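Engineer: Please find the sequence and the predicted model below.
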Amino acid sequence: MNEKDFFEDQDKCLLGDREEDPSAHNGSDSSTDEEKISREKEEDVFEIRANDPFQEEDDEEGDDDDDEKEEGDVNKEDYSDVGLKKEVNKEEEEKEEEEKEEEEEKGYYGARRENGGEEDFLESIGLKREIEKAEKRIRKYIRETPLVYSLYLSQLSGCEVYLKFESAQITGSFKLRGALNKILSLSKKERKTILVTASSGNHGAAFAYAVKKFGLKGMIYLPGYTTKAKIDALKDYDVVLKFFGTDCVKTEEHARGEAEKNNLLYIPPYNDLKIIAGHGTIGIELRRQIDKIDIVFVPVGGGGLISGIIGYLKPVDKNIKIIGCQPLNSPVMYKSVRVGKIIEMESKPTLSDGSAGGIEKGSITFDICKKYVDDFVLVSEQEIKEAMRLMIEKHFSLVEGAGALSVASFLQQKEIYKRKTVVLVLSGSKIALAQLKEVIS
Ligand SMILES: Cc1ncc(COP(=O)(O)O)c(C=O)c1O
């Protein structure tokens, strides 16, 4: 599909189904009664088909609150007491609102008391609950990635080292978890618009996969430095690709702005509770796969991955330490946490292109990292290269630069963690051939 068709489709799409049906405009439907009945039957079947992931979601959780239009349509079918229903609905809504406020107030003071006067931030944003919902929503579309004991790293370090192969996730990285959770949470109305995102590749690939799988329309803004391997992977999907900026945060701001200007829907790569919650399902898997964890090393860019893992593991076991791993050439989250606010800084070229670049202003991931990341480790390009080589030589696995940050950071810090059970999250696998040559040469 070329871009012109895409935008024509977009116009149609934004008008909604009713507007596309000419008979809906002039009210003249020349079908016979039989045809009408069979069409209505078909529509009913469509509405309740059991394998519609969005429909299941709407029914299951009843939190499809953006779907005002569809709710209005349902009421329209029953003409007898529309006014009365409206009144009742209004009263019910007001009552619900009051009850919600009371609940929130109780929760707030309760939490403050329990925590010696300080409200627990994770609890206040309901992240663990969101992760549990995400688990139900996305489980059948994702892989439970292997957790593999590394004999080599364990013997080398005196720790019990496990590798979490998110590099083996569908689309090549953990990003599918967040993208699916976000997209499967959209309302019917939202699903009809064009979805826009910004990504240096892995979130883009996951987004493109999800958009294609569920027959939606998508557009991706990429920073200019995106590797050929990542661009090629995107070309297989029916998404429009656009390039903007040389730092992912500028690309994100631009994409968000364009989406707002054109009434499209922006799907953020990390600054979003549903995206973070999707990534948090890694925490659920880890708890299923291993009895005890002391430390988890997690690659950090915008902070979505680590926020999700924190969001599940910290509430279930507050003793688990979560270590953020960044390249020395682009340590934006680390520096921001140190000074207590999101900073802008130039990133240098890095093998960890997946994690490189700035953080969106006001990102919720910053607050989570600031409050809950136990430590950060910064690694050099040489250390990243050695970690990638080690993964090939000892585990016969391709892990991209960002994915190998956890291995590189652990190798740097291994003396500190002797006899502990350590999990290294290998977050992705997309390496350009040129980069691979550089690593193994
Ligand atoms: C392979 C890989 N690892 C780590 C990250 C960092 O993830 P986050 O931005 O959620 O911190 C990314 C981001 O795109 C990535 O692609």
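Structural biologist: Sure thing, it's come through.
Engineer: Next one: the residue nearest to I384 when sequence neighbours are not counted from the ligand, what distance?
Structural biologist: The shortest distance from I384 to any residue other than its chain neighbours is 4.6 Å, reached at L351 (C-beta to C-beta, 6 or more residues apart in numbering). Placement of C-beta: from N, CA and C, glycine included. Noted for L351: a distance of 11 Å to the ligand, by C-beta to the nearest ligand atom, to the nearest Å.
Engineer: what does P349 give?
Structural biologist: For P349, the distance to the ligand - C-beta to the nearest ligand atom - is 16 Å.
Engineer: didn't that residue look like it was pressed against N329?
Structural biologist: Yes: taking contacts as C-beta atoms under 8 Å, P349 lies within contact range of N329: 6.7 Å.
Engineer: who has more neighbours, the two?
Structural biologist: In this view P349 and N329 are compared by other C-beta atoms under 10 Å, and N329 has more residues nearby, 18 against 12.
Engineer: what helix or strand does that one sit in?
Structural biologist: Of the helices and strands defined by DSSP states H and E, none includes N329.
Engineer: Now the residue in the stretch 101-250 of the chain positioned nearest to the ligand: closest residue in space, sequence neighbours ignored.
Structural biologist: Using C-beta to the nearest ligand atom, the closest approach of the stretch 101-250 of the chain to the ligand is made by N202 at 3.4 Å. Taking C-beta to C-beta, 6+ apart, and ignoring the residues beside it in sequence, N202 has S173 as its nearest neighbour in space, at 4.0 Å.
Engineer: Show the pLDDT at the one you found.
Structural biologist: On the pLDDT scale, S173 is placed at 97.
Engineer: Now do the contacts for it.
Structural biologist: S173 makes contacts with 166-167, 202, 205-206, 354, 403, 427-430, as judged by C-beta atoms under 8 Å, 6 or more residues apart in numbering.
Engineer: ok, these vs K192, which is closest?
Structural biologist: For these, the residue nearest K192 by C-beta to C-beta is A206; the value is 21.1 Å.
Engineer: What is the neighbour count of the closest one?
Structural biologist: Neighbours of A206 (other C-beta under 10 Å): 29.
Engineer: related to what we said a few turns ago, for the residue nearest to N202, give its distance to L156.
Structural biologist: To L156, S173 is 26 Å away according to C-beta to C-beta, to the nearest Å.
Engineer: same thing with T227?
Structural biologist: Noted for T227: a distance of 30 Å to L156, by C-beta to C-beta.
Engineer: More neighbours: these two, which one.
Structural biologist: For the pair T227 and L156, the greater number of neighbours falls to T227 (20 against 15), based on other C-beta under 10 Å.
Engineer: residues near the residue nearest to I384, how many?
Structural biologist: 27.
Engineer: what does the stretch 151-300 of the chain have sitting close to the ligand?
Structural biologist: Within the stretch 151-300 of the chain, the residues that sit near the ligand (C-beta under 6 Å from any ligand atom) are 173, 200, 202-203, 270, 299-300.
Engineer: Return the entry from these with the maximum number of neighbours.
Structural biologist: Highest neighbour count within those, by other C-beta under 10 Å: V300, with 33 neighbours.
Engineer: Could you report the distance from it to G357?
Structural biologist: 12 Å.
Engineer: And F376, how far from E252?
Structural biologist: 22 Å.
Engineer: Check I282 too.
Structural biologist: Relative to E252, I282 is positioned 23 Å away (C-beta to C-beta).
Engineer: need the contact list for G204.
Structural biologist: Residues near G204 by C-beta under 8 Å, 6+ apart: 197, 220, 222, 230, 234, 239.
Engineer: How about the fourth one: what's its closest non-neighbour residue?
Structural biologist: With C-beta to C-beta, 6+ apart as the criterion, K230 has its nearest non-adjacent residue at 3.0 Å, and that residue is G201.
Engineer: quick revisit: who touches the residue of the stretch 101-250 of the chain closest to the ligand in this structure?
Structural biologist: 171-173, 175, 230, 354, 428, 430.
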